[in-house]
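S.K.: Here is my input; please provide its structure:
(chains A, B and C)
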Amino acid sequence: MWQFIRQLFHKFGSPKWFYGIASKMMPWLLAIGLILLLAGLVWGLAFAPAERLQGNSYRIIFIHVPSAFLAQSIYIMMAVAAVVTLVWRMKLADLFVRAVAPVGAVLTFLALFTGAVWGKPTWGTWWVWDARLTSMLILLFLYFGVIVLMSAIADEKSSARGVAVLVLVGVVNIPIIKYSVEWWNTLHQPATFKLTEKPSMAPEMWVPLLFAVLGLYLLFGWLACLRMQTEILKRERRTRWVRDLAAAGGN
Amino acid sequence: MSEPMLKAVNLQCERGDRILFQGLDVSIVPGTVTRVEGPNGAGKTTLLRILAGLNDSYSGEVLWCGEPRAWHREAFHRNLLYIGHRPGIKPLLTPLENLRSLTSVRRPLSDESLCQALDGTGLHGYHHAQCRSLSAGQQRRVALARLLVSDEPLWILDEAFTALDYHGVAGLEQLLSDHAASGGAVVITTHHDLDLPGMHRLRLGAGEASHEL
Amino acid sequence: MNSEAPEMTLAAVRVPVWRAMAAIIRRDLRASLRQRQDLLNPLLFFFMVVTLFPLGVSPEVSFLQQAGTGILWVAALLSTLLSLDHLFRHDFDDGTLEQMMLQPQPLFLLVLAKSLAHWLLTGLPLVMLAPVLGIMLHLDGNSIGILCLTLLIGTPVLSLIGAIGAALTLGLRAGGVLLSLLIIPLYIPVLIFGTGTVAAASNGAPVGGYLALMMAFLVLAVTLAPFASAAALKISLSNS
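M.R.: Got it, this is the predicted structure:
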């Protein structure tokens, strides 16, 4: 049984195999992702009804929520990949972490930025030390730590495993951080001052939101594949199959 | 020939883009001294660290008494005495304190026998001086004093002869032969011209510049 | 070689793990007491950083009373951070770390002993210096008491979590700053609860629950952090 799992991992862990599969999936991910995201955004920004209290400014949730959502789940995905890296030493898992950490950081930043922009018309200030925004900010710090460590360790294998340890330590801390930040928030600010209080959502609002979230997920999948492929080519540049690929004019 | 106590099968290790060695089999049998040879950068230290269990970025299998070493980590370490490039001597402690803290976690010994060991390596009169005031050769001797009180059957010594003077070298050679004769095993690298009767040699190549998969 | 194969005898003595841990702590304390300046540096840093706030912001009693706990906690956090770089570095340089990895005891417990020694040498002195600085920042007696209690529970957590970062960045050139970047986000919960507990106390709220929560952090750190540090040490040493 164990042997079988190992073999399975060996096969799926092979960069060459992944390269082929990714090439086949990527056009679909890109196409469907773009369609869903565009549909969600156009619908949400132009056609969905205005919110009762906030008027049109609430529409930024069609960007804010998907990016915040994805930013958090990318870290969780990285943690799963980190376990795989440490337990099975699968190269592909490390490639995934490497490929998506910067994407996660960018999305976290986007969530923070849109949160700030949303805060301006709603409460008249760019930054509020709100529990969720603060948690997002700390998540951004965690991403920075991973990215910095990634580039600091020169040796490929050490880097893979070191980063995996850090990601796991981070993921254990995320719930603790969230909990403490929320407690801190109630300690220092009256509870009414909540930025991301969910507007009561009509179906006309949350269906486009769902579209946007799904679309962004698929686009993220596409980008992850693309970045992993690039890294694979760089790492395996000496192997025969990459040379053949290059000789054939790339694909 | 008796059973090997430590055995490595089909070892492969890369550093960066370079393969240091591949398909390497090592068999360490009780009663032998094995000298690992090769030019600079051939991976001598890396091999020794892999055998000692310090470096685990290799592929292949390492067996301890015929079973995977990972199953017996503590038993393996109980039976291994490793002295590396950096000998594990704290400059702020005295030779006696150093020796005591190194041995007490493996096999507690009386101060008397520790002092004797230090005397045996020619450190008489230096027991209570801080190690930072000692010469490189003397610090090496503090580490080598562990060999005199060792009950570990497997010794792995990286560049053990570095910084030793003429007498130190002769004493160490004797110590290695004695250890082998009494059923222990030694793995050693050295630039010194070591040639003990019956010594095994393990030659590592210079490695290849690139590889095909 | 002899024609007759010699017998191999295996070493049989087992040293109990607590004794091995005690040996590590004793060795670290002894070495540090011979290099007292290294012990003093984080304390001086702690003192100086705290002094910057009245000078840089305001010496008004009301401000200092309000911000004092936060200042002390942040300063203690920074001094701990500053001292972490040395946690494994000396052992790494002289080879004692390699020897520790090869000890026939579970590595995570030995790492726990290292972290404990680090706390005894940096965290505990900070806790002892804190009341003096608390008085200089006009904190009242009750707050100072609670503050010291939170530091007493919190600083070991700082040492334990910090050990993970120190192990990960061991042997890297950008060590110090890198270490801070990795570790500061992980310190935030301890900071929040450390200062929050004192704030709650000065508002007259009962603090037993908060202190219990901090104890839970400590228990969590004691049980989990050494595993992560041990794994990180193996990785860092694997390639040196």
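
S.K.: buried ones in the helix or strand hosting A:Gly119?
M.R.: Assigned by DSSP states H and E, A:Gly119 belongs to helix A:91-123. Buried residues in helix A:91-123, defined by neighbour count with 16 or more other C-beta atoms under 10 Å in any protein chain shown: A:91-101, A:103-105, A:107-112, A:114-116, A:118-119, A:122. Where C-beta positions appear, they are placed from N, C-alpha and C, glycine not excepted.

S.K.: Quick check: which ranges of chain B have low pLDDT?
M.R.: B:1-2, B:206-213 (pLDDT under 70).

S.K.: which ones are touching the residue in chain C positioned nearest to chain B?
M.R.: Chain C approaches chain B most closely through C:Gly95 (2.9 Å), counting by C-beta to the nearest C-beta. Counting by C-beta atoms under 8 Å, 6 or more residues apart in numbering or on different chains, C:Gly95 touches B:Gly84, B:His85, B:Arg86, B:Pro87, B:Gly88, B:Ile89.

S.K.: Leaving aside the residues adjacent along the chain, what's closest to the fourth one?
M.R.: To tie it back to what came earlier, the one meant is B:Pro87. Spatial nearest neighbour of B:Pro87, chain neighbours left out: B:Ala143 (3.6 Å); criterion: C-beta to C-beta, 6 or more residues apart in numbering or on different chains.

S.K.: do the first one as well
M.R.: For B:Gly84, ignoring the flanking residues on the chain, the nearest one in space by C-beta to C-beta, 6+ apart is B:Asp158 at 4.8 Å.

S.K.: Run through the helices of chain C in chain order.
M.R.: Per DSSP state H, chain C carries helices over the ranges C:17-33, C:36-56, C:61-84, C:86-94, C:96-101, C:107-118, C:124-136, C:141-168, C:175-202, C:208-238.

S.K.: With chain A instead?
M.R.: A:2-12, A:15-42, A:61-88, A:91-123, A:131-152, A:156-188, A:203-235, A:240-247.

S.K.: now check the fourth one, is it near chain B?
M.R.: The reference is to helix A:91-123. No - interface with chain B: helix A:91-123 contributes nothing (C-beta under 8 Å from any C-beta of the partner chain), its closest point being 12.2 Å away.

S.K.: returning to what we had before: report all helices and strands that the helix holding A:Gly119 contacts.
M.R.: helix A:15-42, helix A:61-88, helix A:131-152, helix A:156-188, helix A:203-235 (3 or more C-beta pairs under 8 Å, 6 or more residues apart in numbering or on different chains; DSSP states H and E).

S.K.: is it true that B:Val26 lies in a strand?
M.R.: Yes - checked against DSSP: H, G, I helix; E, B strand; the rest coil, B:Val26 lies within a strand.

S.K.: Just give me the neighbour total for it.
M.R.: B:Val26: 21 surrounding residues under other C-beta atoms under 10 Å in any protein chain shown.

S.K.: quick check, B:Arg106 in a helix?
M.R.: No - under three-state DSSP, B:Arg106 falls outside any helix and is assigned coil.

S.K.: neighbours around it, how many?
M.R.: 27.

S.K.: Could I get the contacting residues of it?
M.R.: Residues near B:Arg106 by C-beta under 8 Å, 6+ apart: B:Arg78, B:Glu152, C:Ala11, C:Val13, C:Val15, C:Gln103, C:Pro104.

S.K.: tell me which of those is nearest to B:Val169?
M.R.: Closest to B:Val169 out of these is B:Glu152 (22.1 Å), distances taken as C-beta to C-beta.

S.K.: quick one: contacts for residue 138?
M.R.: Because you didn't say which chain, this covers chain A. So A:Ile138 contacts A:Ile177, A:Val181, C:Pro185, C:Ile188 (C-beta under 8 Å, 6+ apart).

S.K.: sorry, should have said chain C
M.R.: C:Val61, C:Leu64, C:Gln65, C:Gly68 are the contacts of C:His138 under C-beta under 8 Å, 6+ apart.

S.K.: Out of those residues, which end up buried?
M.R.: C:Leu64, C:Gly68.

S.K.: Make a markdown table from the contacts of C:His138 and add distance to chain A and pLDDT to it.
M.R.: Below are these laid out as a markdown table (distance: C-beta to the nearest C-beta, whole Å; pLDDT from 0 to 100):
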| residue | distance to chain A | pLDDT |
| --- | --- | --- |
| C:Val61 | 21 | 93 |
| C:Leu64 | 18 | 94 |
| C:Gln65 | 16 | 92 |
| C:Gly68 | 16 | 94 |
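
S.K.: ok, B:Tyr126 touching B:Cys115?
M.R.: No - in this structure, B:Tyr126 is not within contact of B:Cys115 by C-beta atoms under 8 Å, at 10.9 Å.
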